[in-house]
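K.L.:
Generate a structure from the sequence data that follows.
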Amino acid sequence: MGGTSPEEIARQHAEAVELVSCASGTAAMPCMPRIDRGEIPLEKKRWPTCIGARSAAASEEEKTNCEDGSGEEKKTADPAAAAEALSSEATAGRGFDDDEEGGTRCISSRGCVDVGPLAALVLEGYDDPAPNRSEPDDDDDDDTSTAASCASSAVSGASQGTNATTTTKNKSKKKKKATTLYDRLLSLPVASETNLWDDANAARNNVHVTRPSHDAWGIKKIALIFCDDFLRDVYEMPWYHSHAEMREAVRPILDCLGVTRERVVRLLLASLPPGVTIPVHHDTGEWVRRTHRVHVPVIVNRPDLVLFRCGPTEDDMGRVDCAPGHVFEMNNQAKHAVSNCSDEHRVHLILDYVDEDDDDEASSSFSSRRRRIRLEKGERLLQTRRSIDRARDAGSRPCPSYMILGAQKAGTTSLYDYLTQHPLVVRARRRETHCLDWRWDASLESADDRRDHCLRFFHARELHTYPSCLTGESTPSYLLDSRRVIPRLREVFSHPIRFLVMMRDPVKRANSHYAMVTSLDGNPEQTKTRGTEWLSKSFEEVVADDLRNMAEDGLIPYWDLESSTVDADAFDRFSGTKEEDEAWDRYLSRRAPLNTGSHCPVSRGMYELQLRPWLRSFPPERFLLLRMEDMSSSSSSSGGGVQRTADLAFRHLGLPPYEVRDGAPKNARTYEPMDDGVRDVLRRFYEPHNRRLAAMAAETFGTEGRGDGSWWEDGEKSPWPLTADAQEGHFAVEKCRLHVAL
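P.N.:
Numbering: from 1, shown residues only. Below you'll find the model as predicted:
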């Protein structure tokens, strides 16, 4: 709603005044009849009603254009599009009764209760003017700075190469100002501890929370229960859990709904000032689709001058009866608006509750169950747009939380992008930090100094007080360069970082690597780091060079350079031996420089060998193994391969489920097709390595292992099997040889 202009809000308020008055000689807009439709099924809330069953991408585009920091959406910009969405195709699956009109589809009158005791508890101060909001208060500033801004302006700027340092400094200044404002709120005198609308009283004797747009409009609140956007943590405030009179006053409403206290995730009272309109919008956020939204008018002295409207589109909203005690559930994915056209404040109770089995369903797709936390009076909550953290938990999540180790040209850029679309994942200042390889500063004298150097590549200071949010990086050279990276990682980041490893058909990976390094596209920094060593060589030549280097270093005694064939018995004898480990270390020390990317085109596809030192150094539960091929849209029957891969990654990182909005491949390029002869040689070379990878994965992780175990099954299946012709040996040895002098 922050996106709705003051002029538009004024227009909507003037329209509301017309609708509730008879000044023009027409009758006031009538209320819809109270009809108890029972509980509104959550399946009706899968999509905003104005867009019906349109794709998630279309939904996100509308949210991007219309959404503000309050998690609520302004009016639809295109009424024609909204009307079109009401067609039979758009409304399919919404669960509305087509024979009912407008807003009646979106409202269920659940009953009527006596709200007199509740009104008595909140009467004092309900009509006092709200404090001046010309400056953002403490948590308003917190809500839109630090982690929230890192995830948007500051971080996106950093990832695009803009001046993120300046942005972060500005946010740090805001944070300092926010702390001062919060302290000022605590220092204000509390005139009456029974005035529950007083912010100073709430900060000292309850817990102060923010609702940015509502706060800006002077809508006061009494928070009793509150939760984060993903319903991970539900906070019961002292004025609820330690206030028997309040619980007793609310109990008739819960009884009317047939809801237990444990199912309520948000419970607050809002005092709407006279002359204020909340413009047309629908609510957004992950919580919306999983909760039932209930309103109960508590103090409404002139119901005839309060216009509460709701409907599937802006043009199809009906008026809801706002007489005190009317318990009505609304589909808050529908368009709705409220205007107080009277000269007195209006108080509503707003309640959100979940289905009885919601926690079980959530925990089946998420690594932990919902927590219900009773806060102490005076506690401070730090809010971002999608998260809430207790101030006392600051620093409980070390930085960074995850690393995508590789492999290069195996979809790591795409995976990082999908991860950072999650609202709780903040981008690093650079996607590829390289802080543990070629940006490592060996001149620094202490481990603390080296740690501080590495943390400069993340928004560590900003995220310190927001442990619900996490950050990480993607440096695909780490997987190969384990001999340098692992000791440094252990020194500077001793906490349990989670690792993700993307792999790809090693033959195609090698060709993509060559195409990237020899491409002349890119900025000067990119072309410099790629190196120039391969610019005058063909793909066949660089493959031959790497095979020769490995042979010279004693790494592939089973490979015959002349015939381009594998001695299977020799491979089995050499595999996993001390001699192989020593040869691998020797090869890396000689052939993996830091000043160029033009090296190791073949060995980067020997995934088991690269993973071996990592799995020896860290517990296997920290690793998630993924294949790039599984991200193709056709690789999964439900939700597409991108979403399935993202779901595995989110779960691995302890994140709640989230729908990836943009599943397009990132950093993709086109390149010349591979020569058949080179392809066949590489297939033969990689086949035993691929089988060894599957066997290692099955042994280390089991068939239910870390990730989608289907590609390794019982360890007998190659992740990238040979073609039928190659398996049957139909390729002549001469065709499979590399025609390069070795």
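
K.L.:
so who does Gly411 touch?
P.N.:
502, 504, 628, 631, 665 (Cβ atoms under 8 Å, 6 or more residues apart in numbering). Yep, even glycine has a C-beta here, placed from its N, CA and C like the rest.

K.L.:
What strand or helix carries the residue nearest the centre of the chain?
P.N.:
Note on the chain: the residue nearest the mean C-alpha position is His422, at 1.3 Å, using Cα atoms, centre = their mean. Using DSSP states H and E, His422 sits within no helix or strand.

K.L.:
Pretty sure it sits against Glu659.
P.N.:
No - in this structure His422 lies outside contact range of Glu659 using Cβ atoms under 8 Å: 9.6 Å.

K.L.:
shouldn't Asp630 be in contact with Gln643?
P.N.:
No - using Cβ under 8 Å, Asp630 is not in contact with Gln643; the gap is 11.1 Å.

K.L.:
For the residue nearest to the centre of the chain, which non-adjacent residue is closest in space?
P.N.:
Leaving aside its chain neighbours, His422 sits nearest to Tyr658 (4.7 Å; criterion: Cβ to Cβ, 6 or more residues apart in numbering).

K.L.:
And for Leu267?
P.N.:
Excluding its sequence neighbours, the residue lying closest to Leu267 (Cβ to Cβ, 6+ apart) is Ile225, at 3.9 Å.

K.L.:
Just to be sure, that neighbour is in a strand?
P.N.:
Yes - according to DSSP: H, G, I helix; E, B strand; the rest coil, Ile225 belongs to a strand.

K.L.:
unless I'm mixing things up, it is touching Trp239, no?
P.N.:
No - taking contacts as Cβ under 8 Å, Ile225 lies outside contact range of Trp239: 10.0 Å.

K.L.:
any idea how far the residue nearest to Leu267 is from Ile388?
P.N.:
12 Å (Cβ to Cβ, to the nearest Å).

K.L.:
what is in contact with these two at once?
P.N.:
Listed as contacting both Ile225 and Ile388 by Cβ under 8 Å, 6+ apart are Tyr235.

K.L.:
buried ones in stretch 682-700?
P.N.:
682-698, 700 (16 or more other Cβ atoms under 10 Å).

K.L.:
Could I get the average pLDDT for it?
P.N.:
Across stretch 682-700, the average pLDDT comes to 95.

K.L.:
number of nearby residues for Arg386?
P.N.:
For Arg386, the tally of surrounding residues (other Cβ atoms under 10 Å) stands at 22.

K.L.:
So it: helix, strand or coil?
P.N.:
Using three-state DSSP, the structure places Arg386 in coil.

K.L.:
could you measure it against Lys220, distance?
P.N.:
Here the criterion is Cβ to Cβ. By it, Arg386 lies 24 Å from Lys220.

K.L.:
now do Ser519
P.N.:
59 Å.

K.L.:
can you map out the helices along the stretch 501-650 of the chain?
P.N.:
Applying DSSP state H, counting those that start in this stretch to the stretch 501-650 of the chain gives helices spanning 506-518, 524-530, 539-552, 568-574, 578-591, 607-617, 640-652.

K.L.:
hang on, Ile404 is in a strand, isn't it?
P.N.:
Yes - assessed by three-state DSSP, Ile404 belongs to a strand.

K.L.:
What residues does it make contact with?
P.N.:
Ile404 makes contact with 412, 415-416, 472-476, 499-502, according to Cβ under 8 Å, 6+ apart.

K.L.:
and it, what are its bridge partners?
P.N.:
Using DSSP bridges, the beta-bridge partners of Ile404 come out as Ser474, Leu500.

K.L.:
Tell me the confidence at it?
P.N.:
The model's pLDDT for Ile404 equals 98.

K.L.:
repeat for Ala77
P.N.:
Predicted confidence (pLDDT) for Ala77: 36.

K.L.:
swap in Gly663?
P.N.:
Per-residue pLDDT puts Gly663 at 92.

K.L.:
neighbour-wise, which of Ser519 and Lys220 wins?
P.N.:
Taking neighbours as other Cβ under 10 Å, Ser519 and Lys220 compare with Lys220 leading, 25 against 14.

K.L.:
neighbours of Arg105, just the number please.
P.N.:
Counted with other Cβ under 10 Å, the neighbours of Arg105 add up to 26.

K.L.:
can you check Ala244 too?
P.N.:
Ala244: 8 neighbours (other Cβ under 10 Å).

K.L.:
how far out from the middle of the chain is stretch 525-545?
P.N.:
Distance, stretch centre to chain centre, for stretch 525-545: 37 Å (Cα atoms, centre = their mean, to the nearest Å).

K.L.:
Give me the phi and psi angles of Arg247.
P.N.:
With angles defined as degrees, to the nearest 10, Arg247 sits at phi -60, psi -40.

K.L.:
hang on, Pro30 packs against Arg319?
P.N.:
Yes - judged on Cβ under 8 Å, Pro30 makes contact with Arg319 at a distance of 6.6 Å.

K.L.:
out of these two, which sits in the busier spot?
P.N.:
More crowded of Pro30 and Arg319, by other Cβ under 10 Å: Arg319, with 21 against 9.

K.L.:
Which elements pack onto the helix or strand in which the more buried one is found?
P.N.:
Assigned by DSSP H and E, Arg319 falls within strand 318-320. In this structure, strand 318-320 makes packing contacts with strand 306-311, strand 326-330, judged by 3 or more Cβ pairs under 8 Å, 6 or more residues apart in numbering; DSSP states H and E.

K.L.:
can you tell which of the ones you listed is closest to Leu624?
P.N.:
Of all these, the one in closest proximity to Leu624, counting by Cβ to Cβ, is strand 326-330 (40.3 Å).

K.L.:
following that closest one, which helix or strand comes up?
P.N.:
Strand 326-330 is succeeded, C-terminally, by strand 335-340 (DSSP H and E).

K.L.:
now that following strand: mean pLDDT?
P.N.:
Looking at strand 335-340 alone, the average pLDDT works out to 97.

K.L.:
which of the residues in the following helix or strand past that strand are buried?
P.N.:
Using DSSP H and E, the helix or strand that follows strand 335-340 towards the C-terminus is strand 346-354. Neighbour-count burial for strand 346-354, with 16+ other Cβ under 10 Å as criterion, is recorded at 346-349, 351-354.
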